[in-house]
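In: Below is the structure, and that's it, no one-letter string:
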């Protein structure tokens with residue numbers, strides 16, 4: 001069956017499946033690595049490679065792309081000249097230029113300070129630093145590919161792109177390790193598939209974009225996007241802040257590996273929620289579609305709740321049993337961290353941020369993010385001091401995520417006059433949240449103990 005004939009694929013499901021496949025590939029890599037000849041320290045170095053590359057790029061890539069979505073065909077720059085309905089998009093091309101600029105900026109900054117940075121006990125350097133900086137420069141622009149398809153309503157192409165490139169990525173990363181090679185060959189494989197994605201990106205830019213530089217649009221884009229960049233850096237960095245705290249306090253790559261293997265949300269929650277939110281952003285950009293968009297996101301989030309909450313409950317019951325078996329017995333400590341991160345389903349499945357960003361009120365998300373980070377760092381350190389250890393760091397992240405969502409829900413209600421009941425299935429959400437919290441307490445206290 002050809003992908004284009006799959007009727008269930010729309011923009012939302014296409015983006016959700018893409019994100020799911022991306023996570024699944026790295027999950028399989030993690031499992032293979034733990035069962036291979038690699039030591040925990042080598043696995044820690046691989047995880048640090050991915051961690052740093054994500055830490056340096058995630059906030060500005062996310063901010064630029066999320067601000068592009070409501071600006072596509074709905075911006076002041078090109079509307080002024082009656083050009084917002086052209087088949088080829090100058091908006092996407094200028095967004096590509098912005099991402100390239102930030103990529104080169106951080107590549108240059110990284111080279112200027114690379115001999116002054118250290119992690120774990122690698123004094124004065126970071127493992128594979130030159131390859132890391134090259135990966136940072138090349139991997140960021142290719143994040144546009146799936147969104148070019150989304151904005152052009154080519155949902156089945158998102159799925160095709162995901163299947164082809166993620167299959168190749170999985171093979172290029174794990175085959176060297178299965179053949180007994182050093183971890184650096186997996187990094188070479190990651191870089192190789194990034195080059196392939198660049199070729200794919202260039203083809204799409206020629207097909208779907210008007211190659212035209214507009215400084216005025218870039219200024220408009222950054223005006224909307226800069227609060228989102230800062231917001232994502234602050235609130236979205238909670239997981240990265242956790243990693244920085246753990247690596248700084250414990251200075252042990254083995255402990256960092258334990259934390260990183262546990263600090264993973266269940267993929268369907270994070271990826272389906274983010275996919276729904278990003279795919280809905282263009283629909284909230286026009287006031288005329290507000291009522292229909294609110295009803296749609298309420299219905300979609302309700303379906304996600306019925307799917308994901310029961311799944312998380314079952315997984316939480318068996319987490320301490322399957323974690324050491326999925327990886328290896330040395331990673332049993334990661335199960336407790338994973339259980340805490342599973343609770344993030346509660347704030348994840350509420351979508352006030354989609355309304356706020358879609359209506360271009362990005363300064364509000366920045367204020368909420370500042371409050372989150374002001375709480376997260378001291379609370380994480382207090383959790384460690386109070387004896388909760390690395391599990392306490394994860395718990396503080398859950399608390400600040402809930403606080404951030406409550407702030408945005410309040411803003412949408414008070415300032416935008418949109419009640420929570422208009423876009424949140426409150427009854428279902430409340431029942432599921434209470435049941436999940438009870439299960440977490442029972443498992444955490446050992447009252448339910450499946451090992």
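Out: Arrived safely, thanks for sending. In this text the structure is predicted, and so the values were computed from the model without any measurement.

In: I'd like the average pLDDT over stretch 420-439.
Out: Averaged across stretch 420-439, pLDDT comes to 95.

In: Equivalent analysis for stretch 256-268, please.
Out: Mean predicted confidence for stretch 256-268 is 75.

In: remind me which residues of the stretch 201-350 of the chain are low pLDDT?
Out: 235-240, 251-254, 327-332 (pLDDT under 70).

In: can you give me the strands for it?
Out: Applying DSSP state E, counting those that start in this stretch to the stretch 201-350 of the chain gives no strands.

In: what sits against residue 16?
Out: Residue 16 makes contact with 271-272, 275-276, 279 under the criterion CB atoms under 8 Å, 6 or more residues apart in numbering. All C-beta spots, glycine's among them, are computed from the backbone N, C-alpha and C.

In: wait, I meant residue 249
Out: residue 384.

In: now, which of the contacts of residue 16 lie within helices?
Out: Of the contacts of residue 16, the ones assigned to helices by DSSP state H are 271-272, 275-276, 279.

In: For stretch 180-198, list every residue counted as buried.
Out: 183-187, 189-190, 193-194, 197 (16 or more other CB atoms under 10 Å).

In: hang on, the earlier thing: pick the one among the contacts of residue 16 closest to residue 165.
Out: The nearest member of these to residue 165, counting by CB to CB, is residue 271 at 16.3 Å.

In: tally of neighbours for the closest one?
Out: 21 (other CB atoms under 10 Å).

In: got it, and residue 441?
Out: 11.

In: what about stretch 272-290, start to end distance?
Out: One end of stretch 272-290 to the other measures 22 Å (CA to CA, to the nearest Å).

In: and it, which residues are buried?
Out: Neighbour-count burial for stretch 272-290 [16+ other CB under 10 Å]: 272-273, 275-285, 290.

In: could I get those residues as TSV with distance to residue 57?
Out: Output for these, formatted as TSV (distance: CB to CB, whole Å):
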residue	distance to residue 57
272	23
273	21
275	19
276	23
277	19
278	17
279	22
280	24
281	20
282	23
283	27
284	26
285	25
290	33
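
In: closest to residue 371 among those?
Out: residue 277 (20.2 Å).

In: show me the contacts for the nearest residue to that closest one once chain neighbours are set aside.
Out: Nearest residue to residue 277, sequence neighbours excluded (CB to CB, 6 or more residues apart in numbering): residue 354, at 4.6 Å. Shown in contact with residue 354 (CB under 8 Å, 6+ apart): 276-277, 280-281, 284, 297.

In: can you tell me how far residue 354 sits from residue 272?
Out: Distance of residue 354 to residue 272, given as CB to CB, to the nearest Å: 13 Å.

In: now residue 210
Out: Residue 210 is 33 Å from residue 272, by CB to CB.

In: Check residue 444 too.
Out: 25 Å.

In: Mind jotting down where the strands sit in the stretch 351-451 of the chain?
Out: According to DSSP E, counting those that start in this stretch, the stretch 351-451 of the chain contains no strands.

In: what domains does the record give for the protein?
Out: 1-234, 237-451 (automatic domain parsing).

In: Make sure residue 232 is actually in contact with residue 63.
Out: Yes: applying CB atoms under 8 Å, one finds residue 232 in contact with residue 63, separated by 5.2 Å.

In: what about those two, which has more around it?
Out: A count of neighbours by other CB under 10 Å puts residue 63 above the other of residue 232 and residue 63, at 26 against 22.

In: report the longest helix in the protein, please.
Out: helix 290-326.

In: In terms of secondary structure, what does that one contact?
Out: Packing partners of helix 290-326 (3 or more CB pairs under 8 Å, 6 or more residues apart in numbering; DSSP states H and E): helix 267-280, helix 334-342, helix 345-348, helix 352-358, helix 426-444.

In: angle of that helix against helix 334-342?
Out: Computed by axes from the mean of the first three to the mean of the last three CA atoms, to 10 degrees, the angle separating helix 290-326 from helix 334-342 equals 170 degrees.

In: List the buried residues for helix 290-326?
Out: Buried residues in helix 290-326 (16+ other CB under 10 Å): 290, 293-294, 296-298, 300-302, 304-305, 308-309, 312-313, 316-317, 319-320, 323-324, 326.

In: Backbone dihedrals for residue 266, both of them.
Out: phi -60, psi 130 (degrees, to the nearest 10).

In: What's the local residue count around it?
Out: 20.

In: Hmm, it is touching residue 311, no?
Out: Yes: here residue 266 lies in contact with residue 311, judged by CB under 8 Å, at a distance of 7.3 Å.

In: mind checking pLDDT for residue 377?
Out: 81.

In: Then residue 123?
Out: On pLDDT, residue 123 comes in at 41.

In: Excluding chain neighbours, give the residue nearest to residue 30 in space.
Out: Per CB to CB, 6+ apart, closest to residue 30 is residue 261, 6.7 Å.

In: I figured the one you found hits residue 335, correct?
Out: No: using CB under 8 Å, residue 261 makes no contact with residue 335, being 9.4 Å away.

In: Compare neighbour counts for these two and give me the winner.
Out: Taking neighbours as other CB under 10 Å, residue 261 and residue 335 compare with residue 261 leading, 26 against 23.

In: Residue 342 versus the more buried one, what's the distance?
Out: 14 Å.

In: How about residue 64?
Out: 30 Å.

In: now swap in residue 311 and tell me
Out: Residue 311 is 10 Å from residue 342, by CB to CB.

In: between those two, what contacts are shared?
Out: Common neighbours of residue 311 and residue 342 (CB under 8 Å, 6+ apart) are residue 266.
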